[in-house]
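Q: quick one, what's the 3D model for this:
(chains A and B)
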Amino acid sequence: MRTFGGFFERFGLAMAGKRNPWGKPSGGGSGDDGADGGDGDGSSGGPRNPWLPGGGKGAGKGRRSANIEDIFKNRGPEGPRRTGGGGSGGPNFRIPQRPGGGSWFPVVMVAIAGIWILVTSIHFIQPREQAVVTWLGGEYSRTLDPGTEWTAPWPIQTVDIENVSEIRRETIGDGSENLILTSDQSLVDLSYVVRWNIKDLVQFKYELADPTETVQEVAESAMRAAVAETELDAVLSGSGREQVQARVRSRMQTILDAYEAGINIQGVEIARTEAPEQVIEAFNDVLAARQDRERSLNEARRYEQQLLASAQGGAAEFNEIYEQYRLAPEVTRQRLYYETMERVLANTDMTVVEPDGVTPYLPLPEVQRRTRSNTTQGPTMTVTPNEGRQQQGGQ
Amino acid sequence: MWQRYKTLFIALIVGAVLLLMSARIVPETHQAVVIRTGEPVYTINQFDPAEAYGETGAGLRFVIPFIDRVQMVDRRILDLDMEGETVLSRDQQRLEVNAYARYRIFDPVLFVQRAGSEAQLQNQLQPILTSELRQELGRRTFASLLTPERGNAMIRIRDTLDEEARTYGAQVLDVRIKRADLPEGTPLAAAFNRMRSDREEEAATIRAGGFRDAQIIRAEASAEAARIFAEAFNQDPAFYDFFRAMQSYEQTFVNGEAESSIIMSPDNEYLRQFQRGGR
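A: Predicted structure coming up:
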């Protein structure tokens, strides 16, 4: 709580851990306790403080010792260190008496009060901040906008500064599994972030007992309701994500406005949507199945390309030869026949058998054995160069 | 000086003490019930939606010391949380429900008389919320609990709870289901099993579809190849027969793996010239 106004806090922070050469400036009452009176008046240890005699604060400390002297003075007619008579004209090593012989006390009080009023009345409200002002911490007085603002001093008016533009974030379902039921009664593991800021500071301060908890609970309620209206696949694939986010946001805003919470929902972002751990394997298998399908299709397409290419090749070969055949059918036919026979018979063992009067005994194994040794030196016949094409066509 | 004003000083001090004892600061967030000898007599800063802040009566107020007692009652919207409760839907499915209610004490006198404190009011309302929730959700099927129809159930629960809360000087603004989960154990496992089998089915369908499409592609390719061949060969079926026979011989005898022997009769067509002797 920053009830003292920003000035105190900032001043205190700046001075923390350092010794302040001016003594404690505006300590709000705690500054002029006896503890720092010793080094405050500069006579006991440490260099003398040059500002001491002039400042309101230093005057106060000087006066304290003078006061003790006064007590001694009043004890008896002959004080030990007494120089002058009647109390007028104090000792010359102490702070001079106030002109007119009055006490320093009222001056110090006025100075303290003045500083007090100055410090607790002026408030520097930063650009992103607002503040509520209350009378005595009770009745609401007004709201301070950014800038330099004046109020009645504390505790007559207290000022409570709050950063209203700051986007606050509530993360829900981070770290642990957060299972939510979808409309097809499946479960999805979801985490999301709600971003919000203060829309109306007064409502924010006075309407809800616990605004942050309310935001969280409303978010949970709205998110579960929105997911319960969406199918698992839509949540998982991300196609329904946009819609869910928008729905949660508007629903939260409606609920919070009904509470007059003074809260503005900036956005709801789904950070993680996953299948629950227990079934993630099955979900991954679906992905694998998609890959398998693609692979099957690719293989089929490859086969298709090969088959068509070879068909086109075969057809082209036939067309070429047929073209020649048409020009000279008989000759071409004969040529093809002899060329083929040449190749066929050159590679095979040939036995010519007279039809009549020959024993139809065929020593086939022997024939084969002989062939193997003979064919290498057998009658050589040139092989036509279009062997490769014929292989293709034969398929 | 002290002697002369002694009485005045003492009177002033006593007066200041009494003033401090009778002064009460009522913050905007609270309403105060002034209880005089055990009887609530009036309220400070009672909730009224029509009043703007700053005009509600909050702030510094005075009561009679020693006689008046002031009880502060929260003026803000308060939270009534329900722990996870297992609810049985109409179709005998169990559902673990977490709900909350938001309420506001609008009649602090009634509240002080009937409930006493916020904690006590919550103790009173909590069982009602739980039983209402059970009753209302028990009338619905499990599937409908997941649909927007749930909203109607919530409104009815709110109305019932509100009726009850009003006897304590509180108004229930909203009842909402925070979480609705399947209970651990069999129901959760069953849901997981169903999800798993769903996915397994999907995976199998995708694979089978892939095979089917692949087969179709192959069949179409074969058909196309046949068409290409037919188109070419159909130009002269007789020549094709000859041409293909030549290819076939070559394939069988020349490119074939097996060693082959041919036994030929001399009147074979190939040996025609050979036999005729060049005539």
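
Q: any low-confidence regions in the chain?
A: Defaulting to chain A. Low-confidence segments of chain A (pLDDT under 70): A:1-99, A:101, A:352-395.

Q: I was after chain B.
A: In chain B, residues with pLDDT under 70: B:1, B:148, B:258-260, B:275, B:277-279.

Q: strands of that one, start to end?
A: Assigned strands in chain B, in chain order: B:23-26, B:30-36, B:39-44, B:59-62, B:68-74, B:78-81, B:85-88, B:94-105, B:170-181, B:261-264 (criterion: DSSP state E).

Q: in JSON lines: the ones you listed, plus distance to chain A and mean neighbour count.
A: Placement of C-beta: from N, CA and C, glycine included. JSON lines is the format used below for the strands of chain B (distance: least, CB to the nearest CB, whole Å; neighbours: other CB atoms under 10 Å in any protein chain shown):
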{"stretch": "strand B:23-26", "distance to chain A": "4", "mean neighbour count": "18"}
{"stretch": "strand B:30-36", "distance to chain A": "9", "mean neighbour count": "21"}
{"stretch": "strand B:39-44", "distance to chain A": "10", "mean neighbour count": "16"}
{"stretch": "strand B:59-62", "distance to chain A": "3", "mean neighbour count": "16"}
{"stretch": "strand B:68-74", "distance to chain A": "6", "mean neighbour count": "17"}
{"stretch": "strand B:78-81", "distance to chain A": "5", "mean neighbour count": "18"}
{"stretch": "strand B:85-88", "distance to chain A": "13", "mean neighbour count": "16"}
{"stretch": "strand B:94-105", "distance to chain A": "5", "mean neighbour count": "22"}
{"stretch": "strand B:170-181", "distance to chain A": "4", "mean neighbour count": "21"}
{"stretch": "strand B:261-264", "distance to chain A": "4", "mean neighbour count": "14"}
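
Q: so which of those comes closest to B:Glu220?
A: strand B:261-264 (41.4 Å; CB to CB).

Q: direction included, what does that closest one pair against?
A: The pairing partners recorded for strand B:261-264 under DSSP bridges are strand A:349-352 (parallel).

Q: can you mark which positions in the strand it pairs with are buried?
A: Neighbour counts over strand A:349-352 (16 or more other CB atoms under 10 Å in any protein chain shown) mark A:349-350 as buried.

Q: and what of stretch B:209-226?
A: Result for stretch B:209-226 [16+ other CB under 10 Å]: buried residues B:210, B:214, B:217-218, B:221, B:225.

Q: and what of stretch A:183-192?
A: Those would be A:183, A:185-192, for stretch A:183-192 by 16+ other CB under 10 Å.

Q: pull the residues that contact stretch B:235-248.
A: When contacts are defined by CB atoms under 8 Å, 6 or more residues apart in numbering or on different chains, stretch B:235-248 is touched by residues A:318-319, A:321-322, A:325-326, A:329, A:333, A:336-337, A:340, A:390, A:393-394, B:233.

Q: can you tell me the closest non-neighbouring residue to the closest residue to chain B within the stretch 101-250 of chain A?
A: Going by CB to the nearest CB, chain B is nearest to A:Glu139 of the stretch 101-250 of chain A, at 2.9 Å. Closest residue in space to A:Glu139, ignoring its immediate chain neighbours: B:Gly59 at 2.9 Å, by CB to CB, 6 or more residues apart in numbering or on different chains.

Q: what is the burial count for B:Arg139?
A: 12 (other CB atoms under 10 Å in any protein chain shown).

Q: that one: what's it in contact with?
A: B:90, B:153.

Q: now the element after the longest helix that chain A contains, going C-ward?
A: Ordering each helix of chain A by length in residues (DSSP state H) puts helix A:280-327 first. Counting by DSSP states H and E, the next helix or strand C-terminal to helix A:280-327 is helix A:329-346.

Q: relative to strand B:170-181, how tilted is the longest helix along chain B?
A: The residue-count maximum for a helix in chain B (DSSP H) belongs to helix B:186-233. Orientation of helix B:186-233 against strand B:170-181 (axes from the mean of the first three to the mean of the last three CA atoms, to 10 degrees) gives an angle of 50 degrees.

Q: show me what helix B:186-233 is packed against.
A: Helices and strands touching helix B:186-233, by 3 or more CB pairs under 8 Å, 6 or more residues apart in numbering or on different chains; DSSP states H and E, are strand A:187-198, helix A:280-327.

Q: taking strand A:187-198 as reference, get the angle to the longest one.
A: For helix A:280-327 against strand A:187-198, the angle by the same axes, to 10 degrees is 110 degrees.

Q: close to chain B, is helix A:280-327?
A: Yes. Using CB under 8 Å from any CB of the partner chain, we find that helix A:280-327 touches chain B at A:281-283, A:285-286, A:288-290, A:292-297, A:299-301, A:303-304, A:307-308, A:310-312, A:314-316, A:318-319, A:321-322, A:325-326.

Q: what's the answer for the first one, then?
A: Yes. Residues of strand A:187-198 contacting chain B under CB under 8 Å from any CB: A:Leu187.

Q: give the pairing partners of that strand; include direction for each.
A: When DSSP bridges is applied, strand A:187-198 pairs with strand A:168-172 (antiparallel), strand A:179-181 (antiparallel), strand A:263-274 (antiparallel).

Q: after that strand, which helix or strand is next?
A: Next element after strand A:187-198 (DSSP H and E): helix A:201-206.

Q: against which helices or strands is that following helix packed?
A: Judged by 3+ CB pairs under 8 Å, 6+ apart, the packing partners of helix A:201-206 are strand A:129-135, strand A:139-144, strand A:157-163.

Q: quick one on the thing from earlier: run the angle between the longest helix of chain B and strand B:94-105 for me.
A: 120 degrees.

Q: off-centre distance for helix B:186-233?
A: How far helix B:186-233 lies from its chain's middle: 35 Å, per CA atoms, centre = their mean, to the nearest Å.

Q: now do stretch B:2-22
A: On CA atoms, centre = their mean, the centre of stretch B:2-22 falls 66 Å from the chain's centre.

Q: for B:Glu257, state which of the buried residues of stretch A:183-192 is nearest.
A: A:Ser186 (59.4 Å).

Q: quick check: closest non-adjacent residue to that closest one.
A: Using CB to CB, 6+ apart, the closest residue to A:Ser186 is A:Leu232 (4.1 Å).

Q: would you agree the one you found is in contact with A:Val188?
A: Yes. A:Leu232 is within contact range of A:Val188, at 5.9 Å (criterion: CB atoms under 8 Å).

Q: OK, contacts around the residue of the stretch 101-250 of chain B found nearest chain A?
A: Closest contact between the stretch 101-250 of chain B and chain A, by CB to the nearest CB, is at B:Gly210 (2.9 Å). Counting by CB under 8 Å, 6+ apart, B:Gly210 makes contact with A:289, A:292-297.

Q: try 10 Å
A: A:289-300 (CB atoms under 10 Å, 6 or more residues apart in numbering or on different chains).

Q: before we move on, the earlier item: let's have the strands of chain B in JSON lines, adding distance to B:Phe242.
A: Converted to JSON lines, these look like this (distance: least, CB to CB, whole Å):
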{"stretch": "strand B:23-26", "distance to B:Phe242": "117"}
{"stretch": "strand B:30-36", "distance to B:Phe242": "112"}
{"stretch": "strand B:39-44", "distance to B:Phe242": "118"}
{"stretch": "strand B:59-62", "distance to B:Phe242": "119"}
{"stretch": "strand B:68-74", "distance to B:Phe242": "108"}
{"stretch": "strand B:78-81", "distance to B:Phe242": "95"}
{"stretch": "strand B:85-88", "distance to B:Phe242": "86"}
{"stretch": "strand B:94-105", "distance to B:Phe242": "82"}
{"stretch": "strand B:170-181", "distance to B:Phe242": "81"}
{"stretch": "strand B:261-264", "distance to B:Phe242": "19"}
